[in-house]
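Trainee: Predicted model follows, preceded by the sequence.
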Amino acid sequence: MIEIRNLTKRFGDHLIWEDVSLTIADGESLAIIGKSGSGKSVLLKHLNALLNPDAGSVLIGGQNIFELNYVDMRLVRQKFGVLFQGGALFDSINTYENVAFPLRYFTRMTEQEIEHRVLECLELVNLKDMGHKATSELSGGMRKRVGLARAIVMQPAYLLYDEPTSGLDPVTSEEINELIIRMNRELSITTVVISHDMHSVLRVAERAAFIDEKKLSWYGTIEELRVADHPRMREFIKASEYVI
Amino acid sequence: MLLFLEIGRYCRLLYDALRSCTEFHTYRQNLMSEMVKTGIDSLGIVILSGLFTGGVLTIQTSYQLTSPLVDRSAIGAIVSQSMLIALAGLVSGLVLAGRVGARIATELGTMRVSEQIDALESMGFNSVSFLVMPRMLGGILMFPIIYFATSTAGIIGGVLAGSATGLLTMAQFMEGARAFFFPWDVAFGIIKSVAFGFVITTVSSYKGYYASGGAEGVGKATTQATVLSCIYILLADFVLTAILL
Ligand SMILES: Nc1ncnc2c1ncn2[C@@H]1O[C@H](COP(=O)(O)OP(=O)(O)OP(=O)(O)O)[C@@H](O)[C@H]1O
Ligand SMILES: [Mg+2]
């Protein structure tokens, strides 16, 4: 369980959001929605302490992650797999090595075991034969899928997705949505998805949180979202051309 | 105010790097490739700069030393000593501020804005240890070698220019060079080159590591890294010379 408590973040004088509280139960899938620049990515980066808040805490297993020492922090971070907005693949190594990267440094697996695991993950994202490709040769959708393969290779308990479907065609988006659902249901990985693609949100998430006007403006299940009486969120959903 | 913030962040980065120096297994792999990229790959350009600096210095010194009372071998002494004490370090430092500094700032800046540094951190890596430490060590370890290459090239350049223009023979040049060779000059040159390697790699790592704002931000970080590296090299050169010489 991840408990976000009264979190506030500023960059210099620029307030991003304040007093955000949210609980993410094990095994659930939560979508964070909001306009571009509302601070969704920033919020996601607080869940594994890539950024530090100005106030508030994030509790994982009852422990405030911002108070952990370096070694414990590493253990917490390794419970998370993150798919970054642009994939964040390491461009100095090829696709296969990107996925193998955490295994090489943080496990004592043999070369054979690594190969087995990497191919398993690449197969899951339908890229089994692409291991030899340089990351610069991959399309946007492929990069995201490789990023996903790398995110799950260490068998995380939590998966964070930053805009998994943005900039992708509808068919590839749907493939990614399928993957997110499979990871969540089959591997029972707790899922947090950032998106402004309402179609994707309604497809993969059980609950949603709407960030707006520098705070957590609305929060509830997808069923509640469909009937919610919240003008600004209605507007946001309508603007994404999705009719519910 | 902003200046103090920058200095604070720079020191913080250095502190994090030094603190992580025991995590050898994290930066071991990168260290080798950094030593090659900073040192070996730079040899061509610094040897070229050394050759020409030595050559120009020889011709110019002979032009300045018109008195018939001064032996020709004095040119060899002046050129080789100037190369060893001042010019080899400074010329290679300024050339590599562009070459090495720009590379490091661009690499780290690109990794920052494309979230690769966040990806490293999220996997549980210490990104400073993984990225900054090997670059800094690579600079500190390879700059003395670059210094040797540049000063040797400078002396060879001097000999070549001297005999090609008929100003002095190789024997005359080497006679002067030998008579005014002091080990301390070389030690001083090495100390300076280590300082320059440290300045270039840490300043450009810092600029790249904290880059923000997409491709434009990386460009800005790279420009600042090379300009600041040059300025700090000149400053360090002055300070070290004033203190040690
Ligand atoms: N490292 C940083 N330093 C300063 N400001 C930052 C930093 N990271 C983000 N910001 C600012 O925080 C705000 C929110 O950024 P964020 O990336 O979280 O937006 P977002 O909701 O993810 O938008 P998008 O949907 O476009 O990705 C922006 O105004 C951005 O300029
Ligand atoms: Mg974002």
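Mentor: In hand now; what should we look at? Ligands and ions are numbered 1, 2, ... in the order given.

Trainee: what are the ranges of the helices in the chain?
Mentor: Just going to use chain A. Using DSSP state H, the helices of chain A run over A:40-47, A:70-77, A:95-106, A:111-124, A:140-152, A:170-186, A:198-204, A:222-227, A:231-239.

Trainee: let's do chain B instead
Mentor: B:2-19, B:24-38, B:43-64, B:73-82, B:88-113, B:116-123, B:127, B:133-164, B:170-179, B:183-209, B:214-244.

Trainee: can you tell which of the helices of chain A is closest to ligand 1?
Mentor: Nearest to ligand 1 among those is helix A:40-47; the distance by Cβ to the nearest ligand atom comes to 3.2 Å. Any C-beta I mention is one placed from the backbone N, CA and C, and that applies to glycine too.

Trainee: Tell me if that closest one is near chain B.
Mentor: Yes. Helix A:40-47 lies within reach of chain B by Cβ under 8 Å from any Cβ of the partner chain, at A:Lys45.

Trainee: my guess is B:Glu115 meets A:Phe90, correct?
Mentor: No. The pair B:Glu115 and A:Phe90 does not pass the contact test of Cβ atoms under 8 Å, sitting 10.9 Å apart.

Trainee: higher neighbour count, those two?
Mentor: B:Glu115 (23 against 16; other Cβ atoms under 10 Å in any protein chain shown).

Trainee: Would you mind confirming that B:Leu160 makes contact with B:Gly55?
Mentor: Yes. With contact defined as Cβ under 8 Å, B:Leu160 counts as touching B:Gly55 (6.4 Å).

Trainee: Tell me which of these two has more neighbours.
Mentor: The neighbour count for B:Leu160 versus B:Gly55, taken as other Cβ under 10 Å, is higher for B:Gly55 (22 against 16).

Trainee: I'd say the more buried one and B:Ile155 touch.
Mentor: No. Between B:Gly55 and B:Ile155 there is no contact under Cβ under 8 Å: 10.5 Å.

Trainee: Around A:His132, count how many other residues there are.
Mentor: By other Cβ under 10 Å, the residues close to A:His132 number 10.

Trainee: for it, what are its contacts?
Mentor: By Cβ atoms under 8 Å, 6 or more residues apart in numbering or on different chains, the contact set of A:His132 is A:94-96.

Trainee: Spell out which residues of chain A are next to chain B.
Mentor: So chain A meets chain B at A:45, A:48, A:50, A:70, A:74-75, A:77-78, A:80, A:82, A:84-86, A:88-91, A:101-102, A:105-106, A:154 (Cβ under 8 Å from any Cβ).

Trainee: Now list the buried members of the residues you listed.
Mentor: Buried members of the residues of chain A next to chain B, scored by 16 or more other Cβ atoms under 10 Å in any protein chain shown, are A:45, A:48, A:50, A:74, A:77-78, A:80, A:82, A:84-86, A:88-90, A:101-102, A:154.

Trainee: got the residues of chain B near ligand 1?
Mentor: Applying Cβ under 6 Å from any ligand atom, we find that chain B lies next to ligand 1 at B:Ser212.

Trainee: can you list the residues of chain B near chain A?
Mentor: Residues of chain B lying near chain A (Cβ under 8 Å from any Cβ): B:26, B:110, B:114-116, B:118-119, B:121-126.

Trainee: how about a markdown table for the residues you listed, with pLDDT added?
Mentor: Shown next, in a markdown table, are these (pLDDT from 0 to 100):
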| residue | pLDDT |
| --- | --- |
| B:Thr26 | 81 |
| B:Thr110 | 97 |
| B:Ser114 | 94 |
| B:Glu115 | 94 |
| B:Gln116 | 96 |
| B:Asp118 | 96 |
| B:Ala119 | 96 |
| B:Glu121 | 95 |
| B:Ser122 | 95 |
| B:Met123 | 94 |
| B:Gly124 | 91 |
| B:Phe125 | 91 |
| B:Asn126 | 91 |
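
Trainee: out of the residues you listed, what pair is the most spread apart?
Mentor: B:Thr110 and B:Gly124 (21.9 Å; Cβ to Cβ).

Trainee: Leaving out sequence neighbours, find the closest residue to the residue nearest the centre of chain B.
Mentor: Centroid-nearest residue in chain B: B:Gly93, 3.1 Å away (criterion: Cα atoms, centre = their mean). What sits nearest to B:Gly93 in space, not counting adjacent residues and going by Cβ to Cβ, 6 or more residues apart in numbering or on different chains, is B:Phe196, at 3.8 Å.

Trainee: who touches the one you found in this structure?
Mentor: B:89, B:92-93, B:96, B:143, B:233, B:236-237.

Trainee: could you redo the last one with a cut-off of 7 Å?
Mentor: Applying Cβ atoms under 7 Å, 6 or more residues apart in numbering or on different chains to B:Phe196 gives the contacts B:89, B:93, B:143, B:233, B:236.

Trainee: Let me know the closest of these to chain A.
Mentor: Of all the contacts of B:Phe196, chain A sits closest to B:Phe143, with 23.4 Å by Cβ to the nearest Cβ.

Trainee: Pull up the gap between B:Gly8 and chain A, please.
Mentor: Per Cβ to the nearest Cβ, to the nearest Å, B:Gly8 is found 14 Å from chain A.

Trainee: In contact with B:Phe182, which residues?
Mentor: So B:Phe182 contacts nothing (Cβ under 7 Å, 6+ apart).

Trainee: before we move on, what about the one 4 residues further on?
Mentor: Counting by Cβ under 7 Å, 6+ apart, B:Val186 touches B:Leu84.

Trainee: Same question for B:Leu87.
Mentor: B:Leu87 neighbours (Cβ under 7 Å, 6+ apart): B:53, B:154.
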